[in-house]
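Trainee: Whatever this is, show me its structure:
(one chain, ligands or ions: 2)
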Amino acid sequence: MNKLTLIQPDDWHLHVRNGDILKTVIAHSAKQFSRAIIMPNLNPAVITVENAIDYHKEILLALPANSNFTPLMTLYLTTELSQDEVKKAAESDLIHAIKLYPAGATTNSDSGVSDLKAIYPILETMEQVDLPLLIHGEVTHQDCDIFDREKVFVESSLNDIVKNFPNLRIVVEHVTTKEAVDFVLAASNKVAASITPQHLLFNRNAILAGGIRPHNYCLPIIKREYHRQALIKAASSGNPKFFLGTDSAPHLTGAKENSCGCAGCYSAYAAIELYAEVFEQVNALDKLEGFASIFGADFYKLPRNTKSITLHKQSWTVPESYKVNDKTITPLKAGENLNWKLQCC
Ligand code: DOR
Ligand code: ZN
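Mentor: Numbers count the residues shown, from 1 in each chain. Ligands and ions are numbered 1, 2, ... in the order given. Okay, here's the model as predicted:
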């Protein structure tokens with residue numbers, strides 16, 4: 001197959017930041033995706049409907065002229081979030097979900113939640129107003145091995161949330177383990193998962209073998225090959241519980257290539273091409289459209305896109321970096337070749 005036409009995809013998990021980084025990265029997402037769920041972990045975080053409205057405006061201003069890209073906003077769940085604010089969010093056309101970060105789990109998660117039981121009244125309201133909960137599913141205790149943090153969260157906390165709120169729509173974000181995949185498979189159709197390109201493309205050797213590669217470091221950390229195989233199987237199975245969410249998370253090159261490097265892979269520059277790479281490897285290009293363009297929209301109860309995009313089988317080399325004023329962002333697979341290229345307008 002040399003050409004692949006898909007219903008235009010959406011990105012169900014995206015970090016675009018603000019300020020200068022936003023101006024660089026938003027065009028990359030907008031050239032391929034119709035919509036994206038925008039993560040609220042700015043500093044300060046997007047915790048109120050008013051914050052989300054302001055951030056939405058900033059994103060629209062940063063978009064290239066004539067872009068039809070739609071940012072789907074989210075709120076950052078803190079224990080301070082009031083029931084009224086949840087109701088206001090549900091009534092707003094801009095806000096589509098609330099994101100739960102366990103405190104300390106990842107970038108700008110300091111104001112996240114440390115006692116999950118404390119937010120149960122908020123989850124109850126979300127369940128009533130049918131506003132989805134997006135979960136960064138990792139425990140944060142320092143005594144838990146970083147490679148086990150997702151598995152332990154699934155067994156301890158996720159299980160309990162799902163049992164207590166059977167009608168709450170939940171996305172287990174960026175699943176990285178077989179345990180998380182199995183949990184989602186066994187749960188009701190209210191529970192789904194997003195999957196990133198880096199967790200499909202790489203196992204943990206890509207971070208640690210032959211030298212430390214900070215641009216492949218993200219959270220939840222990439223796991224061993226056994227887990228990657230489970231993720232590929234889920235993503236390419238045609239099961240609507242699994243859909244595309246890049247978790248593209250740009251940091252300046254200097255913040256990644258650092259004695260304490262930030263977590264996050266920058267994949268938005270060629271997200272759909274990166275996924276096509278994996279689906280082709282397992283002979284499942286026919287399953288890419290459901291995963292990338294249909295299942296997420298259905299889960300979020302949004303209309304499916306009507307436009308389409310085309311990818312061509314054509315080798316090209318990923319730039320070493322993208323400019324942000326006098327600094328740079330280093331993309332995932334910088335300097336390597338990709339086999340699929342998005343046809344541009
Ligand atoms: O690697 C990550 N980077 N994981 C996250 O959960 C957050 C993200 C970020 O915002 O940089
Ligand atoms: Zn994320």
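Trainee: I'd say Leu311 and Met1 touch.
Mentor: No: with contact taken as Cβ atoms under 8 Å, Leu311 and Met1 are classed as non-touching, separated by 9.8 Å. To be clear about C-beta, it is placed using only N, CA and C from the backbone, and glycine gets the same treatment.
Trainee: So between those two, which is more surrounded?
Mentor: Leu311 (23 against 8; other Cβ atoms under 10 Å).
Trainee: A strand includes the more buried one, no?
Mentor: Yes: inclusion of Leu311 in a strand is indicated when DSSP: H, G, I helix; E, B strand; the rest coil is applied.
Trainee: Let me know the pLDDT of it.
Mentor: What the model reports for Leu311 is a pLDDT of 98.
Trainee: do the same with Cys344
Mentor: Model confidence at Cys344 (pLDDT) stands at 84.
Trainee: can you check Pro250 too?
Mentor: According to the per-residue confidence, Pro250 scores 98 in pLDDT.
Trainee: Name all residues that make contact with the nearest residue to Ala230 once chain neighbours are set aside.
Mentor: In this structure, Ala230 finds its nearest non-sequential neighbour in Lys178, 3.7 Å apart by Cβ to Cβ, 6 or more residues apart in numbering. Contacts here follow Cβ atoms under 8 Å, 6 or more residues apart in numbering; on that basis Lys178 touches 226-227, 230.
Trainee: same thing but at 10 Å, please
Mentor: For Lys178, the contact set (Cβ atoms under 10 Å, 6 or more residues apart in numbering) comprises 151, 223-224, 226-231, 233-234.
Trainee: quick check, nearest of those to ligand 1?
Mentor: The shortest distance between ligand 1 and any of those, using Cβ to the nearest ligand atom, involves Lys223 and amounts to 13.6 Å.
Trainee: What sits closest to that closest one if chain neighbours are left out?
Mentor: Counting by Cβ to Cβ, 6+ apart, the residue nearest Lys223 is Thr176, at 5.2 Å.
Trainee: isn't the one you found right up against Asp148?
Mentor: No: between Thr176 and Asp148 there is no contact, the gap being 11.2 Å when judged by Cβ atoms under 10 Å.
Trainee: my read is the residue nearest to Lys223 is in a strand, agree?
Mentor: No: under three-state DSSP, Thr176 sits outside any strand and is assigned coil.
Trainee: Next, work out how far apart it and Ile119 are.
Mentor: With distances defined as Cβ to Cβ, to the nearest Å, the gap from Thr176 to Ile119 amounts to 23 Å.
Trainee: same deal with Leu342?
Mentor: Spatial separation of Leu342 from Ile119 under the definition Cβ to Cβ is 40 Å.
Trainee: still on that earlier bit, and the residue nearest to Lys223, backbone torsions?
Mentor: phi -130, psi 0 (degrees, to the nearest 10).
Trainee: Could you count how many residues lie near it?
Mentor: The burial metric for Thr176, expressed as a neighbour count using other Cβ under 10 Å, is 27.
Trainee: per-residue pLDDT, it?
Mentor: For Thr176, the model assigns a pLDDT of 98.
Trainee: Tell me who's in contact with it.
Mentor: For Thr176, the contacting residues are 137-138, 147, 149-151, 195-196, 198-199, 218-223, 227-228, 230-231, by Cβ under 10 Å, 6+ apart.
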